[in-house]
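>>> Coordinates for the following, if possible.
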Amino acid sequence: MIAAASLLLGSAARAADVTDLTQNLPRGYFGEFSWDGDRTVQNVVITFDSVRALNEKHVEALGCGSYEVGRQVTKIKVQMFVRLSDLQVEIFELSPEGNAPFETGGSHRGKLSKDFQRIEAQWTTTATKQRGRMHLRAAQSLTCSPAASM
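Sure thing, here's the model as predicted:
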């Protein structure tokens, strides 16, 4: 009985499977981002148009997103890499479009939850080392539009 339980627990604790992640990663996430030391909360929406295995250890997700602060909206392209062994993620933001200043020189590094429903990550700006935190939750259906327009 104990041996069977340990086998079940061992398989549950294993790394994510490439097929499981590519087929079951939610295609939309929403949540908040804020810079360390700043109380301003930015509403974030990210959607993934494609998710593919790069090899047996890494998955890439490509899509778009938006950040909204008050009436200022910035749309971006998003590239996320997931390491299957521990669900570590790195998210890059590219090609910002909007009327507010937007930092793309850096990346979000963090973790995808085991059920793929949450992403917790820390942004670090390459040049200044300024940091911020992003907390995202999965959603069934999202577009790259700002959160307020959903």
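>>> which regions of the protein lie under the pLDDT threshold?
1-15, 145-150 (pLDDT under 70).
>>> in it, which spans are strands?
Per DSSP state E, the chain carries strands over the ranges 28-35, 42-53, 58-69, 72-83, 88-98, 106-112, 118-125, 131-138.
>>> Taking strand 118-125 as reference, get the angle to the last one.
Okay, so that is strand 131-138. For strand 131-138 against strand 118-125, the angle by axes from the mean of the first three to the mean of the last three C-alpha atoms, to 10 degrees is 160 degrees.
>>> which residues sit against strand 131-138?
Applying C-beta atoms under 8 Å, 6 or more residues apart in numbering, the contact partners of strand 131-138 are 26, 28-36, 38, 44, 46, 108, 110, 116-125. Every C-beta, even on glycine, is put in place using the N, C-alpha and C of the backbone.
>>> Check the first one too.
Applying C-beta under 8 Å, 6+ apart, the contact partners of strand 28-35 are 40-48, 67, 119, 123, 130-142, 147, 150.
>>> now it, how far from the centre of its chain.
Centre-to-centre, strand 28-35 and its host chain are 9 Å apart (C-alpha atoms, centre = their mean, to the nearest Å).
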